[in-house]
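Chemist: Return a 3D structure for these sequence lines:
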Amino acid sequence: MNTVFRWNPQQPGPMPFHRYRPYQDRVDVPVRQRSWPDRTFTEAPLWVPVDLRDGNQALAEPMDTARKRRFFDLLVGMGFKEIEVGYPSASRADFDFVRHLVDRVRSGAVPDDVTPVVFTPARPDLIERTFASIDGLPRAVVHLYIPTSRVWRDVVLGRSRAEVWETVREAAAHMARLADARPDAHIRFQFAPETFNLTEPDFVLEVCNGLSGLWDASPDRPVTHNLPATVEIATPNIYADQIEYAHQNLDRRDSVILSVHPHNDRGTGVACAELAVLAGAQRVEGCLFGNGERTGNVDLVTLALNLYAQGVDPMIDFSDIDAVRETVEHCNRIAVHPRHPYGGDLVYTAFSGTHQDAISKGLAHRAEHPDEPWEVPYLPIDPADVGRTYEAVIRVNSQSGKGGMAYLLKEHHGIDLPREMRPEYARVVQEATDDSGAEASPDELYALFRSTYLDVPGPVALIDWTARQDGAVHRFSCTVQVDGAVRELDGKGNGPLAAFTDALRAAGLDVGIESFTQHGLTAGPDSEAVAYVHCRVGGAHAWGAARSTSVLTASVRAVLSAVNRAAPGLR
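Modeler: Residues are numbered from 1 along each chain as shown. Down below sits the predicted model:
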């Protein structure tokens, strides 16, 4: 007896879902008027990479000074204007790297338009250590943080709301005193209520607005309030509501830079960041390719290039994305996934036959209309814009179709297969890739073409031949070997190929040409020609091909190729 499975939505599943609460049961966001759903992107926010601090502390092997310096130089070269460079009070390595930058300020290691950011908890001794690390920097942002949500207050800190605020107030006042003692440097302040997205909105405003006042935020010395989704626990629209509520209610709004720092625990970090910017955020912290604790920080590469794909200047240079990825992989000792948006090895590659056909047609249309906006099927941006070549766009395996194989043959070897010939060649390639289970490179595709069509052994060999024309009649004389017997043949027709097939009939070979095409491999009189012929040979049909510096020679050899490929149906 067969059992039929039916899903019953009233019957609980096997997972203990009852142990978890929806976000709304933990924090109420009192936003009443949402403007973010109606907004669109018109400019990029300030991108702030935290690879050297937040990303670094998530590595199994944290970066040494040499790796950090290579990463820092990459970020500067790409155009980032604020860079979080470390957590100086957390380790000697982080402290030493900040001092390394200080020692090299005069040599241009820190350009005048780049501001280093350093990170510190709300403890006086660690704040002092942090300020010691930046002594000598002409400008810096000191980033103060403390957890503020109820569960962190109760479980981690063991402090009330009032006690957390008092801790932050004392730490902020200490920072202000240390900065005032450095009138030669332009030091700004940043505050992050860690676990902001789990914190009561009124408490967030109480602390942030209190610090804006204590630090006397002004347009020429703004305070950054960085509101992180420290652990993603709700849908992106909830985070957008939280950011919009803060945007609408922060004091001294023209003197506050509203920043976000989304993590990716739910896999929606990019969506959270994008909606947060629409909700009023002006600054986004994240890492290149999304490195970070647990499932990572939000990915700045994806965010910036998402804007680029919408026609918005990302203000960051990704024109050599492979060099960016190589540096990140070296410094992090973590490989970037081949399917990672924009930067992975395979993201501009199509194996599927339908995809390949659409891409090749789109690229051909693009070549004919280069001034039109970019619209190529399956390619949201031009791979060339990020330093990729079209060689990697179409690759061939057993899933591929005739369009992709033909595209690669033409791009790499100049072989422009007639459209009617492509299905037959595709079957040859698919059989080979099915047998190997591997991808076929452009050179391997040409090797298959050569062995299938150019180097064809068979029962008919052309030993010698001449072609001439008497008025309107073409004549063809040849010496052939058929099944080991040498024959002298003559034929005539309205063209040299017709005369050749007429000669073959004298040897008992019934050959008819059904289609013919040829092209040059390159421009110029010395270029090789490639000829393609579809023949009926007895009761069979076959394609043949050949190449030669002589168009006629290529054409004759193509007919011979078709004859030998149809060998079982010769008679």
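Chemist: quick one, phi psi at Leu417?
Modeler: Backbone geometry at Leu417, expressed as degrees, to the nearest 10, gives phi -60, psi 140.
Chemist: In whatever helix or strand Glu170 lives in, which residues are buried?
Modeler: For Glu170, the host element (DSSP states H and E) is helix 161-180. For helix 161-180, the neighbour count (16 or more other C-beta atoms under 10 Å) marks Arg161, Val164, Trp165, Thr167, Val168, Ala171, Ala172, His174, Met175, Ala176, Leu178, Ala179 as buried. Using the backbone N, CA and C atoms, a C-beta is placed for each residue, glycine as well.
Chemist: what does stretch 360-371 give?
Modeler: Ser360, Gly362, Leu363.
Chemist: before we move on, what about stretch 97-109?
Modeler: Here stretch 97-109 shows Phe97, Val98, Arg99, His100, Leu101, Val102, Val105, Ala109 as buried, counting by 16+ other C-beta under 10 Å.
Chemist: Could you give the average pLDDT over that stretch?
Modeler: The pLDDT scores in stretch 97-109 average 92.
Chemist: before we move on, what about stretch 295-312?
Modeler: 97.
Chemist: ok, now stretch 363-377?
Modeler: Mean predicted confidence for stretch 363-377 is 92.
Chemist: Output it as PDB, restricted to C-alpha atoms.
Modeler: Extracted C-alpha coordinates of stretch 363-377, given in PDB (Å, rounded to 0.1, in the frame of the first residue of the first chain):
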ATOM      1  CA  LEU A 363      27.300  40.900 -26.600                       C
ATOM      2  CA  ALA A 364      26.800  40.900 -30.400                       C
ATOM      3  CA  HIS A 365      24.000  43.400 -30.100                       C
ATOM      4  CA  ARG A 366      26.200  45.500 -27.800                       C
ATOM      5  CA  ALA A 367      29.000  45.500 -30.300                       C
ATOM      6  CA  GLU A 368      26.600  47.000 -32.900                       C
ATOM      7  CA  HIS A 369      25.200  49.500 -30.400                       C
ATOM      8  CA  PRO A 370      28.100  50.500 -28.100                       C
ATOM      9  CA  ASP A 371      26.600  53.800 -27.000                       C
ATOM     10  CA  GLU A 372      23.400  52.400 -25.600                       C
ATOM     11  CA  PRO A 373      22.900  51.800 -21.900                       C
ATOM     12  CA  TRP A 374      24.300  48.400 -20.800                       C
ATOM     13  CA  GLU A 375      21.700  45.600 -21.300                       C
ATOM     14  CA  VAL A 376      23.200  42.200 -21.800                       C
ATOM     15  CA  PRO A 377      21.200  39.200 -20.600                       C
END
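Chemist: Can you list which of the buried residues of stretch 97-109 are found in helices?
Modeler: With helices taken from DSSP state H, the overlap with the buried residues of stretch 97-109 comprises Phe97, Val98, Arg99, His100, Leu101, Val102.
Chemist: Which member of those residues is positioned nearest Tyr425?
Modeler: Phe97 (57.0 Å; C-beta to C-beta).
Chemist: For the closest one, list the residues it contacts.
Modeler: Leu52, Thr65, Lys68, Arg69, Val85, Gly86 (C-beta atoms under 8 Å, 6 or more residues apart in numbering).
Chemist: try 10 Å this time
Modeler: 52, 56, 63-69, 72, 85-86, 88, 91, 133 (C-beta atoms under 10 Å, 6 or more residues apart in numbering).
Chemist: Give the pairing partners of the host helix or strand of Ile513; include direction for each.
Modeler: Element membership of Ile513 [criterion: DSSP H and E] is strand 511-520. Using DSSP bridges, the strands paired with strand 511-520 are strand 529-537 (antiparallel).
Chemist: Which positions in the helix or strand immediately after the partner strand in the chain come out as buried?
Modeler: Downstream of strand 529-537, the next assigned helix or strand under DSSP H and E is strand 540-548. Residues His541, Ala542, Trp543, Gly544, Ala545, Ala546, Arg547, Ser548 are the ones in strand 540-548 that count as buried (16+ other C-beta under 10 Å).
Chemist: okay if I get those as a markdown table plus distance to Leu278 and pLDDT?
Modeler: Putting the buried residues of strand 540-548 into a markdown table (distance: C-beta to C-beta, whole Å; pLDDT from 0 to 100) gives the following:
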| residue | distance to Leu278 | pLDDT |
| --- | --- | --- |
| His541 | 61 | 93 |
| Ala542 | 61 | 94 |
| Trp543 | 57 | 96 |
| Gly544 | 61 | 96 |
| Ala545 | 57 | 97 |
| Ala546 | 61 | 96 |
| Arg547 | 58 | 95 |
| Ser548 | 63 | 95 |
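Chemist: what kind of secondary structure is Tyr145 in?
Modeler: strand (DSSP: H, G, I helix; E, B strand; the rest coil).
Chemist: Local confidence estimate at the closest residue to it other than its chain neighbours?
Modeler: Excluding the flanking residues, the one nearest Tyr145 by C-beta to C-beta, 6 or more residues apart in numbering is Ala192, at 4.2 Å. For Ala192, the model assigns a pLDDT of 98.
Chemist: Could you do Val27 as well?
Modeler: Confidence score, pLDDT, at Val27: 77.
Chemist: Can you verify it is assigned to a helix?
Modeler: No. Assessed with three-state DSSP, Val27 is coil; it does not lie in a helix.
Chemist: And the strands in this structure?
Modeler: For the chain, applying DSSP state E gives strands covering 46-49, 82-86, 115-121, 139-147, 186-194, 223-229, 256-262, 283-286, 460-470, 473-482, 485-493, 511-520, 529-537, 540-548.
Chemist: ok, back up a step: identify, from the buried residues of stretch 97-109, the entry nearest to Cys478.
Modeler: Ala109 (76.8 Å).
Chemist: For Glu166, see how far away the closest one is.
Modeler: 39 Å (C-beta to C-beta, to the nearest Å).
Chemist: cool, Asp435 as well?
Modeler: 73 Å.
Chemist: Same check on Val298?
Modeler: Taking C-beta to C-beta, one finds Val298 at 32 Å from Glu166.
Chemist: same thing with Ala503?
Modeler: In terms of C-beta to C-beta, Ala503 sits 105 Å off from Glu166.
Chemist: next one: Asn306
Modeler: 41 Å.
Chemist: Mean pLDDT per helix and strand in this protein: which one sits at the bottom?
Modeler: helix 402-413 (a mean of 79; mean pLDDT, DSSP states H and E).
Chemist: picking up where we left off before, now the ones in helices among the buried residues of stretch 97-109 in CSV, with distance to Val142?
Modeler: Shown next, in CSV, are those (distance: C-beta to C-beta, whole Å):
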residue, distance to Val142
Phe97, 16
Val98, 11
Arg99, 16
His100, 18
Leu101, 15
Val102, 14
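Chemist: Widest-spaced pair of those residues?
Modeler: Top of the distance list for these (C-beta to C-beta): Phe97 and Val102, 9.9 Å.
Chemist: anything in contact with each of the two?
Modeler: What both Phe97 and Val102 touch, as defined by C-beta under 10 Å, 6+ apart, is the set Ser133.
Chemist: gap between Cys85 and Met63?
Modeler: That one is not Cys; residue 85 is Val. Counting by C-beta to C-beta, the gap from Val85 to Met63 is 11 Å.
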